[in-house]
Each structure stands twice: as C-alpha cells, then as structure tokens.
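[1] The sequence isn't on hand, but the structure is:
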DNA sequence: GCAACACTCAAGTCTTCACTTGACAATCAA
DNA sequence: TTGATTGTCAAGTGAAGACTTGAGTGTTGC
C-alpha cells in the first residue's frame, strides 16, 4: 500500500469524483469495509477498491486489514492539505483586497 | 455568461485540473486577461478561455469585459463552498474522535 | 478604411480515468 | 475440507474532458 504524499493537487483530483466524495461522506459517520461501502453506491466492489486506493494514496483515508476485511476510516492529513491550499489563496486575495480598501480610503490629497 | 452555482462538487472538479490551479495561483497576485494568462501556461488562448469559463461557472473567478479584453479576478464564493464542505467533514470526524477519546478515558469500572 | 488585436465558437482529436468483467488469493465458518 | 465471503489483479470498454485548429466577431489604433 503506497502512501506517496497528501499534496493539494492529488487531493483535489480525488475530491473531484462524486463517488469518492460519497465514500468520504459515508466514512464521516463511521469506519467501514469495502464490501459495506459498495452496495449503496451502485458500483462494483472492484470499483470501490480502486477509489479507496486513490483516497488512501492522497491521505484522505487510512485502511487496515484484519483477516479478510479491510477497514477504512477518514484521515485528516489530506483534508488539511486541501484546506491549506485554499486558505493560502484566500488570504492572498484578502490581503490584496485590504490594500485596495486602504488606497480607496486614503484622503485624496495627492 | 452562465453563473450556475458554486457547489462543492463543481469547485472540486475545477480545482482538480493543474492548469486551472495555475490560473488561480496567477490570479492571486493580480487580475489578468486571457491573453496575459496564456503564454506561461504553454497552451492555446482558446484552451485558457475554456478553463476560465469553468472557473467562472463555479464561482472561483469573476470576469468583466471592457472593450475587447476580458479581465479576470479571483472570487471567494467558490473557495468558500469548498472550504465549507471540507470543514463539515472534518468537524464530523473530530466529533467522533472526541467521543472515542471520552470512551477510552472513562474509568474502567464497568 | 484597414490591419492588428483579443476573444469567441464549433468541430474534431486524443488522453485520462471511472467502471466492468473474469480469474485468482486469502480467510472464515460449518 | 468445502463453500461462502472479502478482497486483489489485469485487461478491456466507454465516456468525459483537455486541448487544438480554423473560422468568425467585435474593438482599437493608425
């Protein structure tokens, strides 16, 4: 099970797919196995496993195998990577906005 | 110019593409026109415009045309949608985590 | 007016990727 | 041991979408 790195790029790509988002929504409620996740999604077990690999490879979930079942649970590292990316863009935007406001508020004595 | 709605689904799909993320990075520094954005991206102007349409349709940027040039700037609505989605998942996860901690910390007198 | 510019639109190509199928491995339970 | 369960692997298919090309529209400046 390769665990490359939770970069924002990988995370956003992972979050772009509706099936994967549905899996994450389900896992916010409780950990689950692949065979538990598949039925409500109307896809094959094999497809679910592929999605789980994507999610795990970018740090959004962790899974551990005991016996023949693989239990998956949310992992916040991937979420943090995405949040940081967004927050950085947002703060840069707000900073520029503030500077603009300052400029506009300055008394026009120039 | 259709402006459907900044849903998290649309935003994550938009953020999943590296070229679009590069455009957003560029726009955090300053507003820009399509022809200004294209050269460093090594794609056609037409491709850039397609990306801009995607970004605008999910609320990540706004653009206004004056004369023959279309100026694009970041717009925080789309970012907020994505942030809210992540925050909701994260808080649900943390709440469950807290309950688990409570359970484990409870004196084992049962 | 005319040429250069900035963008728009409509096909069409080509790659990526979500999904399925079918075979296989490992584990559990009777 | 045997059969059912759970997951893994390897192709292969089909659709979505990123990108290009080429033609066209409106704008600016000479």
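    Received it, and whenever you're ready, just let me know what you need. These figures come from a predicted structure and were not determined experimentally.
[2] For DNA strand D, what's the nearest residue on chain A?
    Going by C-beta to the nearest atom of the strand, DNA strand D is nearest to residue A:35 of chain A, at 2.8 Å. All C-beta atoms are positioned from the backbone trio N, CA, C, and that covers glycine.
[3] From residue B:89, how far off is that residue?
    Counting by C-beta to C-beta, to the nearest Å, the gap from residue A:35 to residue B:89 is 23 Å.
[4] next one: residue A:36
    Separation of residue A:36 from residue B:89 (C-beta to C-beta): 18 Å.
[5] How about residue A:19?
    16 Å.
[6] Between these two, which is the more surrounded one?
    For residue A:19 and residue B:89, the more surrounded residue by other C-beta atoms under 10 Å in any protein chain shown is residue B:89, and the numbers stand at 20 against 15.
[7] give me every residue that touches the more buried one.
    Residue B:89 sits next to A:24-25, A:28, A:74, A:79 when contact means C-beta atoms under 8 Å, 6 or more residues apart in numbering or on different chains.
[8] what's the most distant pair in the residues you listed?
    By the measure C-beta to C-beta, A:25 and A:79 form the most distant pair in those, at 12.9 Å.
[9] more crowded one of these two?
    Higher neighbour count among residue A:25 and residue A:79: residue A:79, with 22 against 13, using other C-beta under 10 Å.
[10] so who does the more buried one touch?
    A:11, A:60, B:86, B:89-90 are the contacts of residue A:79 under C-beta under 8 Å, 6+ apart.
[11] what's around residue A:85, how many residues?
    So residue A:85, with other C-beta under 10 Å, has 21 neighbours.
[12] What strand or helix carries it?
    Applying DSSP states H and E as the criterion places residue A:85 in helix A:76-105.
[13] Stretch A:65-83: end-to-end distance?
    Taking C-alpha to C-alpha, to the nearest Å as the measure, stretch A:65-83 stretches 29 Å from start to finish.
[14] what about it, near DNA strand C?
    Yes. Against DNA strand C, stretch A:65-83 shows contacts by C-beta under 7 Å from any atom of the strand at A:66-68.
[15] and which of the residues you listed is nearest residue A:45?
    residue A:68 (12.6 Å).
[16] State the three-state secondary structure for residue A:62.
    strand (DSSP: H, G, I helix; E, B strand; the rest coil).
[17] Quick check: the residue of chain A at minimum distance from chain B vs residue B:8, distance?
    Proximity of chain A to chain B (C-beta to the nearest C-beta) peaks at residue A:16, 3.6 Å away. Distance from residue A:16 to residue B:8, counting by C-beta to C-beta: 10 Å.
[18] Kindly report the same for residue A:98.
    27 Å.
[19] of the two, who's got more company?
    Legend: neighbour count by other C-beta under 10 Å for residue A:98 and residue B:8, higher for residue B:8 (19 against 10).
[20] near DNA strand C, which residues of chain A show up?
    A:13, A:16-17, A:19, A:42-44, A:46-47, A:50-51, A:54, A:66-68.
[21] Residue A:105: which of these is nearest?
    residue A:16 (40.1 Å).
[22] Contact partners for that closest one?
    Contacts of residue A:16 by C-beta under 8 Å, 6+ apart are B:12-13, B:15-16.
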